[in-house]
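Engineer: sharing a model that was predicted from the sequence below.
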Amino acid sequence: MKILEAELKNFGNFVDEKLSFHDGINVVWAKNGAGKSTIHEFILAMFYGLKGEECIRWQSWNGNGCLSGKLRFESGGKTYLLERDFLDGKNKGHLHCETDDQELSVEEDLPELLGNMSENAWKNTLYVTQRGPNIGKKLASELKNYLGNLSGKGHIDVSHAQEKLEKQQDELEWEKKQAQADLISRQQEIRMKMDYIEQDIERLKKEQEDSLESLRLLKEAKAREDQEFARKQEKEREDRKQVRRVSGAFQRPAGFHYSKIIRPGTRDPHQSSPCQGRTPVLVRRYFRSSGSVSGYSGTAGRADCPESAFTENL
């Protein structure tokens, strides 16, 4: 953009003043109070208007006309004429493209010609007062928007986009932390389950060892019982043998004989009748395998006993 002419009407200490600017750097030199700062403020007011009490502040004391002005500038290879009437702060304006002879809208087209730069950004970059620029976050945000829209066809709110991206980044960071927390919680849960499983395995191993030990003790006890039972059986066999040996002497097996003296008046238990006579008789008895018993009198003398006394069936 290049400012070509400025026409001030009843603005500050100027009643009707027209200024022309040339290519390169233009220097306005004058004494204090001559209106250098007024020209500066006039250019700003033409682009962005006056607000509230600013109309009273810049109303000329020397003239009785309406506070107004004209500004001719060049932008994008075209020349434009901007006119404003600051009466009562209404900032009525007209924008005319002299190159195309086309009426434009002050509200819609002028901001685009200014690169959608806000008044605050203008005042702290292109329009710098003696007090210097007011640099801060707000200006930085507006400059981001301005620079972001230099190569674009439409208006892009870079600050808003950046805030949105930062918000999305924060949300992603939160989701990431939440996912990490969930992962840690899941890992802890799995670790606890593994600990429980390991404890169960150790418990089962201990139970298995106890069961094996109990089984070993039971086998040992069974072996002892079997040994005791075998010992008792062996003892019973030995006892039965002993009983048979003892009782065998009374059973008089076949081929066994014995001698006995029968006194008069007594009876041999194997005889059917008592022996008669006065002389003792030696009775010798033989046992045959057929089961019959035979006997005869010995040298002690003949027995006066009937023959039936010498034979007895067993």
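Structural biologist: Cool, got the structure.
Engineer: hey, let's count contacts and neighbours off CA atoms from now on
Structural biologist: Noted.
Engineer: low-confidence ranges in this protein?
Structural biologist: 62-65, 88-89, 128-159, 248-314 (pLDDT under 70).
Engineer: residues in contact with the longest strand seen in it?
Structural biologist: Using DSSP state E, we find that the single longest strand of the chain is strand 2-11. The contact list for strand 2-11, computed with Cα atoms under 8 Å, 6 or more residues apart in numbering, reads 14-22, 38, 42-43, 58-75.
Engineer: report the buried residues of that strand.
Structural biologist: For strand 2-11, the neighbour count (16 or more other Cα atoms under 10 Å) marks Ile3, Leu4, Glu5, Ala6, Glu7, Leu8, Lys9, Asn10, Phe11 as buried.
Engineer: can you tell me which of those is nearest Arg216?
Structural biologist: Within the buried residues of strand 2-11, the smallest distance to Arg216 is 111.8 Å, found for Ile3 (Cα to Cα).
Engineer: tell me the bridge partners for that closest one.
Structural biologist: Beta-bridge partners of Ile3, counted by DSSP bridges, are Phe73.
Engineer: state the distance from it to Leu110.
Structural biologist: Distance of Ile3 to Leu110, given as Cα to Cα, to the nearest Å: 14 Å.
Engineer: do the same with Asp101
Structural biologist: Distance from Asp101 to Leu110, by Cα to Cα: 16 Å.
Engineer: looking at the two, which one has more neighbours?
Structural biologist: Higher neighbour count among Asp101 and Leu110: Leu110, with 18 against 10, using other Cα atoms under 10 Å.
Engineer: which other residues reach the helix or strand containing the more buried one?
Structural biologist: Here Leu110 sits within helix 109-113, counting by DSSP states H and E. Here helix 109-113 makes contact (Cα under 8 Å, 6+ apart) with Phe47, Ser75, Leu95, Met117.
Engineer: among these, which two are most distant?
Structural biologist: Leu95 and Met117 (17.7 Å).
Engineer: buried subset of the contacts of strand 2-11?
Structural biologist: By neighbour count, with 16+ other Cα under 10 Å, those hold 14-15, 38, 42-43, 58-60, 63, 66-74 as buried.
Engineer: so which of those are in strands?
Structural biologist: Among the buried ones among the contacts of strand 2-11, DSSP E puts Phe14, Val15, Ser68, Gly69, Lys70, Leu71, Arg72, Phe73, Glu74 in strands.
Engineer: pick the one among the residues you listed closest to Tyr196.
Structural biologist: Checking those against Tyr196 by Cα to Cα gives Glu74 as the nearest, at 82.3 Å.
Engineer: can you tell me how far the closest residue to that closest one other than its chain neighbours is from Ala45?
Structural biologist: Counting by Cα to Cα, 6 or more residues apart in numbering, Glu74 lies nearest to Lys2, which is 5.0 Å off, once chain neighbours are set aside. For Lys2, the distance to Ala45 (Cα to Cα) stands at 16 Å.
Engineer: please apply the same query to Gly69.
Structural biologist: Gly69 is 9 Å from Ala45, where distance means Cα to Cα.
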